[in-house]
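Q: one predicted model, sequence on top.
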Amino acid sequence: MQLVCVSGHTLLALLFLVAAYIDLCDAASVFDVYRAIQYDLRGIPMGSRRASLNHHASSGLSVPGSDITRSVVILPIAKVNITLLNEYLQGKRILGGLLLLLPEKGHGDDNKDEDADENLQVERDLENWIIKNNVPYPVYFVYETPSLKALLDEVIANDLAGKPATATTGGFKLVVSGPEPRKIPPPSLVNIQAWLPGLRSEGDSSVVQTIAIVAWYDTFGAAPGIPAGTDSNGSGAVALLEIARLFSRLYANPKTRGRYNLLFGLTAGGPYDYEGTSKWLKSFDQRLRESIDYAICLNSLGSISGEKLWLHVSKPPENAYIRQIHEGLSEVATELGLTVEVKHKKINISSSRVTWEHEQFSRQRITAATLSELETPSELLENAGSIVDTRYLFYRNFVANITQVILSTKLVAESLARYIYDQQDKHITVFADGSNLAVSRPYVQGWLNLLSRTPRMAPFLSRNSPIIAAFHKELADRIEDVKIQHETMDSSFTFYDSTKFVLSIFQVASVTFDLVVMLAFGSYLGLLFVIALVTTKGLDDLFRKPPSSRKIKGT
Amino acid sequence: MTLFHFFNCAALTFGPHAVYYKATPLSEYDTVGTCVKAALVYLGTTLIKLVLFATFLQASDNDDFHPSQEMLKALIGFLDVAGMYFALTQLTYRNISQNHKFQAIGLGWAFADSLLHRLAPLWVGAKGHEFTWDYLLQGIEANVNLVLTVSLAALGSLMWLRKSKPSALVPIIYTSAGILAAMPSISSYLHRGLKWDFSKVVGFEMSAAVAMALVTWRLFSACQRPQA
């Protein structure tokens, strides 16, 4: 039994040797991750083109000693060096993958204001960079949790100590497995419209005029799985819902029903040159189209800077109709402490780019204007619902922003009411605070909350999506005539699926470790063999040929 | 953690059995049959034990230590001894010496034990990405188990196959056999009752195996002297 003692010692020595290579570790961790968008614009591939991931972790874009093409760079979103990222892209240096950490929902806002503003800009730039470039490696977003943060700290410590994770040294390995992304069939744009018929006085055979109130509700952001666009254009959609609610109350009673029909439209396709609105308008019949007195489009009303709202028009400001709309709004605005300024932008018929929603109306020869906090039109796919919008502009100042949405809603509702009921210059507030027609803060807050938590990218919203059903029900509960219109998007965009995955993070031992272990066990077994042979048969047997197959009877 | 690791751990778990067979005179006397018979007896014993476990023990969700459950498990565990008795005394073998008989039976028993208890977790777990020490420790445990089983078989052969024993040593023989048979219960108590780390438990098992092996060796040679 001497061999037992020797084997015990050998084992102990083995353990020490092996322990030098890696520490005791925890089990694998699992996280939900959201892939960056992948789409083709007119056939040109854009966004992140790959989905599956199987590489070691790295903590930065330029860690010495680590091979960036075979590692996944984990970065908090505010610390991304976009110039370096862009350099790598232009120089065709392809990363193994990029994992961006978003501070926990609603949190991460306890950094100081200066930092926050910088971070805001970096994040915006990063989102734009992802959207506007063909990124040939996987890009994922993940919400930061304490365990993920601890993991990242460990990776950073390892990298700083000069021991980056690679196949030969072991470390953390990130694995995302799933099917390769495929094109989704042309998505449908879902428009929801509600119609409040106006009062037709007896004996009056003229057509009742219509006023249209429109807002687009979908988004286009860097990650389809992450809710975005609370301000652009969640605020507009919520304002529309509240205005619809208030007017449905007024119109319920024939005594307070106005002499105008009200047409509410929640349109999709906002980021794609307002394609949904265009299709919606084309579906109108001639009579309806001619009866529209004017249309007002709501676009981003939650982060008003300098108490100034812009009224964007395509007809010249001197036009009588435009003047009327503007004056109506200004009158109420002064009472609320806001200013409304007209901005004129001619439509370029030859270009297909539609920068404001009202332009779709103007192309159909309907007077229209867009009310927005934004002064200048955005580029294609910019300000169309960014993650930054939700996380910074809304979560940071949630209370303040709700107040602004309420103000904007009041502005539009009041000016509409005064126009409809012909109360201009008469100093009557229809939706006065404290009355039962006041703009409801809980209502606005609740809906804004919901929209901040719901991703709303049109290609990923199906006909049966809960949010569309929610919009429909909200309007249908109060208004009889509510219709849903499905249109197929025929624009130059093609989208790809696979937006949400599960990331597994393992701590793996290095290949060196395996080799060492193999050698150790091999020598252990060899040693055992020799010892057993020597102790039971004698030293000579080690060198003798193996015995013949003839069986030897034992004693 | 990859196939490589799996092969490493498998080598550690099953290698010693093969080495033991090849290196000692067991291979010369072609005692495979004995080993296989012992393995079958082990299989039968385990099946009976399983049925008894299922009938008498309550399934508990957590890993805590219930004294009554553990006593029951220990009692059922003594079936192992009965199985060993059966293998040693009742089955007929080709005429091989006592020495080799108990070694072969111990080897077959331990090999079957390792195969049943450790192959499946190894196959399922060691191939994954994540690295844990568990499978290496399990391999060490298999080694330790081999030593323990052979010791138990030695004591068993002393108890039941040898008629003349120095009477002073008889109680020691029975005590040692008892301790060896109770090893699984002791390990389980340490692991669950005292919440020892797996590596500590394996370390304890290793030292216990060494100690018991020494004791057994001494007893064996002591009993052998009259006949030598």
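A: Right, received. Where do you want to start? Residues are numbered from 1 along each chain as shown, chains lettered A, B, ... in the order given.
Q: where does the stretch 151-300 of chain A have low pLDDT?
A: Scanning the stretch 151-300 of chain A for pLDDT under 70 picks out the ranges A:167-168.
Q: confirm that A:Asn233 sits in a helix.
A: Yes. Counting by DSSP: H, G, I helix; E, B strand; the rest coil, A:Asn233 is part of a helix.
Q: my read: it touches A:Phe220, true?
A: No. Between A:Asn233 and A:Phe220 there is no contact, the gap being 10.9 Å when judged by CB atoms under 8 Å. C-betas here are computed from N, CA, C, even on glycine.
Q: so what's in contact with these two at the same time?
A: A:Gly385 (CB atoms under 8 Å, 6 or more residues apart in numbering or on different chains).
Q: when these two are compared, which one has more neighbours?
A: More crowded of A:Asn233 and A:Phe220, by other CB atoms under 10 Å in any protein chain shown: A:Asn233, with 34 against 28.
Q: which residues in chain B form strands?
A: For chain B, strands defined by DSSP state E do not occur.
Q: which residue of it lies farthest from its centroid?
A: Within chain B, the residue lying farthest from the chain centre (CA atoms, centre = their mean) is B:His129, at 30.6 Å.
Q: that residue is in contact with A:Val508, isn't it?
A: Yes. Applying CB under 8 Å, one finds B:His129 in contact with A:Val508, separated by 5.9 Å.
Q: for chain A, what helix or strand is lowest in average pLDDT?
A: Least confident helix or strand of chain A, by mean pLDDT, DSSP states H and E, is helix A:2-19 with a mean of 58.
Q: equivalent analysis for chain B, please.
A: For chain B, counting by mean pLDDT, DSSP H and E, that's helix B:67-77 with a mean of 71.
Q: A:Lys163 touches A:Gly170, doesn't it?
A: No. Between A:Lys163 and A:Gly170 there is no contact under CB under 8 Å: 9.2 Å.
Q: so the two - more neighbours on which side?
A: Looking at A:Lys163 and A:Gly170 with other CB under 10 Å, you find the greater number of neighbours at A:Gly170, namely 24 against 14.
Q: for that one, give me its contacts.
A: By CB under 8 Å, 6+ apart, the residues touching A:Gly170 are A:21-22, A:507-513, B:131.
Q: filter the residues you listed to the buried ones?
A: Buried members of the contacts of A:Gly170, scored by 16 or more other CB atoms under 10 Å in any protein chain shown, are A:22, A:507-510, A:513, B:131.
Q: now, which of the residues you listed lie within strands?
A: A:507-508.
Q: picking up where we left off before, immediately after the least confident helix or strand of chain A, which helix or strand?
A: Counting by DSSP states H and E, the element after helix A:2-19 in chain order, helix or strand, is strand A:29-35.
Q: CA atoms only: put that next one into CSV for me.
A: Listed next in CSV are the C-alpha coordinates belonging to strand A:29-35 (Å, rounded to 0.1, in the frame of the first residue of the first chain):
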residue,chain,number,x,y,z
SER,A,29,-23.7,34.2,-15.8
VAL,A,30,-26.5,34.9,-18.2
PHE,A,31,-27.8,38.2,-19.4
ASP,A,32,-30.4,39.5,-21.8
VAL,A,33,-28.7,41.5,-24.5
TYR,A,34,-30.2,43.5,-27.3
ARG,A,35,-28.6,43.6,-30.7
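Q: is it in proximity to chain B?
A: No. Using CB under 8 Å from any CB of the partner chain, strand A:29-35 stays clear of chain B, coming no nearer than 9.8 Å.
Q: out of the contacts of A:Gly170, who's nearest A:Val214?
A: Checking these against A:Val214 by CB to CB gives A:Gln507 as the nearest, at 53.6 Å.
Q: right, and the closest one touches A:Gly171 too?
A: Yes. Using CB under 8 Å, A:Gln507 is in contact with A:Gly171, at 7.2 Å.
Q: and A:Glu487, that one's in a strand?
A: Yes. Per three-state DSSP, A:Glu487 lies within a strand segment.
Q: how close does the closest residue to it other than its chain neighbours sit to chain B?
A: Nearest residue to A:Glu487, sequence neighbours excluded (CB to CB, 6 or more residues apart in numbering or on different chains): A:Lys279, at 4.3 Å. A:Lys279 sits 49 Å away from chain B, going by CB to the nearest CB, to the nearest Å.
Q: doesn't A:Lys279 lie inside a helix?
A: Yes. Checked against three-state DSSP, A:Lys279 lies within a helix.
Q: count of neighbours near residue 183?
A: Went with chain A since none was named. 12.
Q: my question was about chain B, not that one.
A: By the criterion of other CB under 10 Å, B:Met183 has 21 neighbours.
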